[in-house]
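Q: Based on what follows, work out the 3D shape:
(one chain, ligands or ions: 2)
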Amino acid sequence: MDLMRHSSAFLLPSIPDDGPPPTYALVVLNQRLPRFTPLVWKHAQLRLCADGGANRVYDEMPGLLADEDGNDVRNRYKPDAVKGDMDSVRTEVLEFYSNLGTKIVDESHDQDTTDLHKCIAFIRDFTPDLDKSNLCILVAGALGGRFDHEVGNINVLYRFSTMRIILLSDDCLIHLLPRTHHHEIHIQSSVEGPHCGLVPIGTPSGSTTTTGLQWDLNDTEMKFGGLISTSNIVKGDKITVQSDSDLLWTISIKKV
Ligand SMILES: Nc1ncnc2c1ncn2[C@@H]1O[C@H](COP(=O)(O)OP(=O)(O)OP(=O)(O)O)[C@@H](O)[C@H]1O
Ligand SMILES: Cc1ncc(C[n+]2csc(CCO)c2C)c(N)n1
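A: Ligands and ions are numbered 1, 2, ... in the order given. As a prediction, the model looks like this:
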């Protein structure tokens with residue numbers, strides 16, 4: 001079985017030169033911007049706002065870069081596209097970015113998929129210039145907030161399970177570990193950990209085996225209603241996971 005490597009290097013000021021770095025794309029959702037949004041914005045080669053996410057960039061980016069001129073920040077942090085059903089983005093914000101050259105994609109006819117879903121499908125299908133050979137999509141503001149939205153955001157990990165997508169908040173990140181691979185998670189201990197979890201959402205896991213955790217699993221069954229691994233602790237700088245089911249990996253983000 002093939003090995004999949006994971007790293008939160010995008011939270012570091014500069015990405016270490018220890019192998020080919022992923023191409024990052026950023027999707028900003030309609031929640032308070034995580035404090036590291038300007039950093040991941042710089043690492044990303046494509047930046048999208050999901051509907052009301054554009055209001056957040058417009059309203060909050062200047063506050064995250066308080067030592068810079070606010071108007072200058074607004075002009076420099078220009079999304080490549082705003083996409084969604086357009087019921088939350090303000091008209092003045094749409095006009096501001098469209099005058100700067102941002103692509104506006106109105107999909108108000110589709111009331112069956114979320115704005116995040118629409119953004120991921122757009123990245124997959126309509127960005128021919130983006131190198132997708134090692135693409136990692138970062139989603140800012142995906143956690144903490146309305147529970148229906150959080151669950152909808154997690155469901156997007158499953159609907160696009162062959163794409164690398166990382167849900168982010170100020171406090172933690174979540175991504176999928178597909179059962180089709182063995183996994184090696186390289187811990188960036190200056191910015192993440194030690195609290196972590198492995199959660200079998202969707203289907204129970206008959207067997208999961210890990211190394212590098214305080215409470216490692218050894219051919220262990222996990223299911224809702226039984227054991228799931230929450231409040232675990234990373235011990236080493238490398239965690240390995242193999243499972244017969246898709247699992248969610250979550251790790252805390254440090255307030256540095
Ligand atoms: N409170 C929240 N918690 C988590 N994610 C959120 C939250 N609010 C918005 N989002 C995410 O941001 C995206 C865009 O948000 P927006 O408010 O524009 O959506 P919406 O479709 O108008 O939502 P609704 O009509 O259900 O309030 C959503 O699709 C969702 O992924
Ligand atoms: C069974 C079912 N439940 C909820 C919705 C509503 N909904 C889901 S995604 C979305 C778009 C949000 O921007 C809306 C309105 C639906 N269509 N079908």
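
Q: This structure: helices as residue ranges?
A: Counting by DSSP state H, the chain has helices at residues 37-43, 53-64, 70-76, 91-100, 115-125, 147-159.

Q: Dump these to CSV, plus mean neighbour count.
A: Where you see a C-beta, it was placed from the backbone N, CA and C, and this is true even at glycine. CSV is the format used below for the helices of the chain (neighbours: other C-beta atoms under 10 Å):
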stretch, mean neighbour count
helix 37-43, 19
helix 53-64, 20
helix 70-76, 13
helix 91-100, 14
helix 115-125, 21
helix 147-159, 16
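
Q: Could you save those as JSON lines and add columns showing distance to ligand 1 and mean pLDDT?
A: Below are the helices of the chain laid out as JSON lines (distance: least, C-beta to the nearest ligand atom, whole Å; pLDDT from 0 to 100):
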{"stretch": "helix 37-43", "distance to ligand 1": "14", "mean pLDDT": "98"}
{"stretch": "helix 53-64", "distance to ligand 1": "6", "mean pLDDT": "98"}
{"stretch": "helix 70-76", "distance to ligand 1": "19", "mean pLDDT": "96"}
{"stretch": "helix 91-100", "distance to ligand 1": "12", "mean pLDDT": "97"}
{"stretch": "helix 115-125", "distance to ligand 1": "3", "mean pLDDT": "97"}
{"stretch": "helix 147-159", "distance to ligand 1": "3", "mean pLDDT": "98"}
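
Q: In this structure Val241 contacts Leu198, no?
A: Yes - with contacts counted by C-beta atoms under 8 Å, Val241 reaches Leu198, the gap being 6.7 Å.

Q: what touches both of these two?
A: Common contacts of Val241 and Leu198 (C-beta atoms under 8 Å, 6 or more residues apart in numbering): Leu177, Thr208, Thr210, Leu247, Trp249.
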